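Chemist: Predicted model follows, preceded by the sequence.
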Protein chains: 2
Amino acid sequence: MPEMRQDPVTGSWVIIATERSKRPHDFILPVEQKKGGSCVFCYGNEDKTPPEVLAWRPGGGKPHTPGWTVRAFPNKFPAVTPEGDPNPRKTGINRRMEAVGTHEVIVDCPDHLETLGRVTDEQAGLAMLAIAERYKVLSRDPRCKYIQVFKNYGLTAGASLEHSHWQIITLPVVPEVFIKEFAGVRRYFESNGTCIYCRIISDEIAVNQRIVETTDEFVVLTPYASRFPYEMWILPRRHQHDFGNIAGNDAKSLGSIIRRTVRRLERAFNYPPFNIVLHTGPPGKGYETFHWHLEILPRLSVAAGFEWGTGIFINSTSPELAAAALRPMNPDIRRD
Amino acid sequence: MPEMRQDPVTGSWVIIATERSKRPHDFILPVEQKKGGSCVFCYGNEDKTPPEVLAWRPGGGKPHTPGWTVRAFPNKFPAVTPEGDPNPRKTGINRRMEAVGTHEVIVDCPDHLETLGRVTDEQAGLAMLAIAERYKVLSRDPRCKYIQVFKNYGLTAGASLEHSHWQIITLPVVPEVFIKEFAGVRRYFESNGTCIYCRIISDEIAVNQRIVETTDEFVVLTPYASRFPYEMWILPRRHQHDFGNIAGNDAKSLGSIIRRTVRRLERAFNYPPFNIVLHTGPPGKGYETFHWHLEILPRLSVAAGFEWGTGIFINSTSPELAAAALRPMNPDIRRD
């Protein structure tokens, strides 16, 4: 029997309809394979990107040369522009402003063919340390009201280049997904005096039906109202509202748990397309009740007319089944 | 220069970043071609679907036989179930209810290979008349709080079968997309005493930068804060809050203008994947300030990590450019 579930933070409904997974398909989603070769993110092509803003070369070496482990630079085709002021204005009922912000790329592995799930934990940790460092630098711009960190892997997840990378976009507005989530966080805090994500963590560990992995620092779980089949969230166990405050060692541990979680997905579904998105309190005061976390969104299904029309996602895999399938995927096995 | 624009109804921001369209792609979206053949929606396979709830056979004929022009039946793999009551309940902080509702399919053309843009206006009108009739029947169920009418065309738009069809899903809750839109409608009405969609229609006709087509009854435009490249809305010029009140002749005219609009898209982009979603006031009182309309969402781009994380869409085609490209596509040319 299909069931509706409500996200306890946002109030968004989903439909968990496991029978839908048996319907026939005229189409089969193409399996994506990396074509390989050399790209602008590869060693030797450093002059083809905008000037790097961060690069770690353990053996030394000049900027814009090979030998780096992680490398960050502005996106050559940015969605936002670093120059000027937002200058909000109105024509009739229509409001607009300049899309002022910074759009950066962090190449998290030198090897074109490598995937996030297969790199060493050290490499994944260094990449997250680089992201945290760029986050801290970018958050100092007073025009910046929010910073979105994300990763797209695979064509149907919106990646235009196949070489593994993360992206950071800073925004002159606080975006609506955060506003909605934070409204739920505040509502719960006002009634209960505690953080709803801390409550989710303790409830989920107690119920133990949707836990994928726990470490001393993080919990990986399939959320109760999962929108996407095999959706997973990674939450720090200790309450922290602002990703920008993360300590270096915690960033490294985060990189490692992200790698392990992605590896489970790679092993379960043969390198499916996915997005990873950071949800964090924005720079500035007043968001202390928030609890930053990451969402891993496998793109095994397609948001269609019903989802765009209603905002309600139809998910053919229950999060309990998803967690049971992902738990046994040993992330320490790095080769297929 | 990338620009942020705010939807005047919902307050949602988008980024219009036309330079993004020049970025390189390792991937190319596959062109989808219909495979053809006979499917469960074709003549002769009427016994392979659940029993029909509506069918028009101009030459007469028994139920579950060929000869129909439009045919509706319950979805064999429904996302909701017609039996029982929602029975909302709570475990800890988690709410759930049974997904009680009706999920129907309307096959809008007998020919497997035909597309919505190429059928006759009469055929397109009959299909919309059938949808309006089913809408009216389904809205009488007191458990029904909202009815979502939608069409998915193409694999990457979420269609699982290629034979042209529409779907209707009724819900035991008012969905969040409508709630957000209606909040904007009410806010505008309380300040101005008029409907914001009526204002959009008159403003857009006056400015004449985003109009694709107007008829005596409908306006087709590319919305000011388009989320998707070549997104189009179809609005009735006369204020009507509830699609369920549509007159038979208006439903036929609506079918015709939808066909014309889809035909422009087919001609401009060689049969791209798209969704069509109806936005309407739900059954019942209190929604008289709403103004129903249809959104046509071409799936030429992919919602990626940034969009899922923020709710802000990056659109590489301005709605002004989109309207200028779609206007000259003559929808009366039905063959390629």
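Modeler: Thanks, I have it.

Chemist: Phi first, then psi, for A:Trp292.
Modeler: Main-chain torsions, A:Trp292, degrees, to the nearest 10: phi -70, psi 150.

Chemist: can you give me the end-to-end distance of stretch A:276-283?
Modeler: In stretch A:276-283, first residue to last residue: 20 Å (CA to CA, to the nearest Å).

Chemist: Is that stretch in proximity to chain B?
Modeler: Yes: using CB under 8 Å from any CB of the partner chain, we find that stretch A:276-283 touches chain B at A:Ile276, A:Val277, A:Leu278, A:His279. The C-beta positions use only the backbone N, C-alpha and C, and glycine is treated the same way.

Chemist: Any idea how many residues pack against the third one?
Modeler: Put plainly, it is A:Leu278. By other CB atoms under 10 Å in any protein chain shown, 22 other residues sit near A:Leu278.

Chemist: so what's it up against?
Modeler: A:Leu278 is in contact with A:Gln148, A:Val149, A:Phe150, A:Phe243, A:Trp292, A:His293, A:Leu294, B:Gly309, counting by CB atoms under 8 Å, 6 or more residues apart in numbering or on different chains.

Chemist: hang on, isn't A:Val185 packed against A:Thr289?
Modeler: Yes: under the criterion of CB atoms under 8 Å, A:Val185 makes contact with A:Thr289 at 5.3 Å.

Chemist: Please report phi then psi for the nearest residue to A:Thr69 once chain neighbours are set aside.
Modeler: Distances taken as CB to CB, 6 or more residues apart in numbering or on different chains place A:Trp56 nearest to A:Thr69, at 5.2 Å, with adjacent residues excluded. Per-residue torsions, A:Trp56: phi -110, psi 120 (degrees, to the nearest 10).

Chemist: which ones are touching A:Trp56?
Modeler: Going by CB under 8 Å, 6+ apart, A:Trp56 touches A:Trp68, A:Thr69, A:Val70, A:Arg71, A:Leu126, A:Ala130.

Chemist: now do A:Met97
Modeler: Contacts of A:Met97 (CB under 8 Å, 6+ apart): A:Pro86, A:Asn87, A:Pro88, A:Arg89, A:Pro172, A:Val173, B:Glu3, B:Met4.

Chemist: The residues you listed in strands, which ones?
Modeler: The strands, defined by DSSP state E, take in A:Arg89, B:Glu3, B:Met4 from the contacts of A:Met97.

Chemist: List the beta-bridge partners for the second one.
Modeler: In this entry, B:Glu3 is beta-bridged to A:Glu98, B:Ile16, by DSSP bridges.

Chemist: what about the residue of the stretch 51-200 of chain A found nearest chain B, neighbour count?
Modeler: Per CB to the nearest CB, A:Gly158 is where the stretch 51-200 of chain A lies closest to chain B, at 2.5 Å. By other CB under 10 Å, the residues close to A:Gly158 number 21.

Chemist: Looks like it contacts A:Asn152 (just checking).
Modeler: Yes: using CB under 8 Å, A:Gly158 is in contact with A:Asn152, at 4.6 Å.

Chemist: quick revisit: looking at the contacts of A:Trp56, state which has the most neighbours.
Modeler: Most surrounded of the contacts of A:Trp56: other CB under 10 Å gives A:Arg71, at 27 neighbours.

Chemist: Checking it next. Helix, strand or coil?
Modeler: strand (DSSP: H, G, I helix; E, B strand; the rest coil).

Chemist: Show me where the stretch 1-150 of chain A has its strands.
Modeler: For the stretch 1-150 of chain A, the strands defined by DSSP state E, counting those that start in this stretch cover A:3-6, A:13-16, A:54-56, A:70-74, A:89-91, A:94-98, A:103-107, A:146-153.

Chemist: picking that back up, mind putting the ones in strands among the contacts of A:Met97 in CSV, neighbour count included?
Modeler: Putting these into CSV (neighbours: other CB atoms under 10 Å in any protein chain shown) gives the following:
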residue, neighbour count
A:Arg89, 10
B:Glu3, 15
B:Met4, 24
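
Chemist: who touches both of A:Val185 and A:Thr289?
Modeler: Common neighbours of A:Val185 and A:Thr289 (CB under 8 Å, 6+ apart) are A:Cys195.

Chemist: quick one: which of these two has more around it?
Modeler: Counted by other CB under 10 Å, A:Val185 and A:Thr289 do not tie: A:Val185 has more neighbours, with 22 against 19.

Chemist: did I read that right, the more buried one in a helix?
Modeler: Yes: counting by three-state DSSP, A:Val185 falls inside a helix.

Chemist: gap between it and A:Gln209?
Modeler: Distance, A:Val185 to A:Gln209, using CB to CB, to the nearest Å: 23 Å.

Chemist: what residue ranges in the stretch 201-336 of chain A score low on pLDDT?
Modeler: The model of the stretch 201-336 of chain A has no residue with pLDDT under 70.

Chemist: now the helices for it?
Modeler: Counting by DSSP state H, counting those that start in this stretch, residue ranges of the helices within the stretch 201-336 of chain A are A:248-269, A:305-310, A:319-326.

Chemist: In contact with the spatially most distant residue from the centre of chain A, which residues?
Modeler: Each residue of chain A has a distance to the centre, and by CA atoms, centre = their mean the biggest one is for A:Gly92: 36.9 Å. Neighbouring residues of A:Gly92 by CB under 8 Å, 6+ apart: B:Asp203.

Chemist: Would you mind measuring from the residue lying closest to A:Ala325 once chain neighbours are set aside to chain B?
Modeler: Residue nearest to A:Ala325 in three dimensions, not counting chain neighbours: A:Ala268, with 6.1 Å by CB to CB, 6+ apart. Noted for A:Ala268: a distance of 20 Å to chain B, by CB to the nearest CB, to the nearest Å.

Chemist: Does A:Ala268 touch A:Val212 like I think?
Modeler: No: applying CB under 8 Å, one finds A:Ala268 not in contact with A:Val212, separated by 10.9 Å.

Chemist: so what sits against both of those two?
Modeler: A:Leu326.

Chemist: quick one: which of those two has more around it?
Modeler: A:Val212 (25 against 16).

Chemist: isn't the more buried one right up against A:Val220?
Modeler: Yes: counting by CB under 8 Å, A:Val220 is a contact partner of A:Val212 at 4.3 Å.

Chemist: Mutual contacts of these two, please.
Modeler: Taking CB under 8 Å, 6+ apart as the criterion, A:Val212 and A:Val220 both touch A:Met232, A:Thr261.
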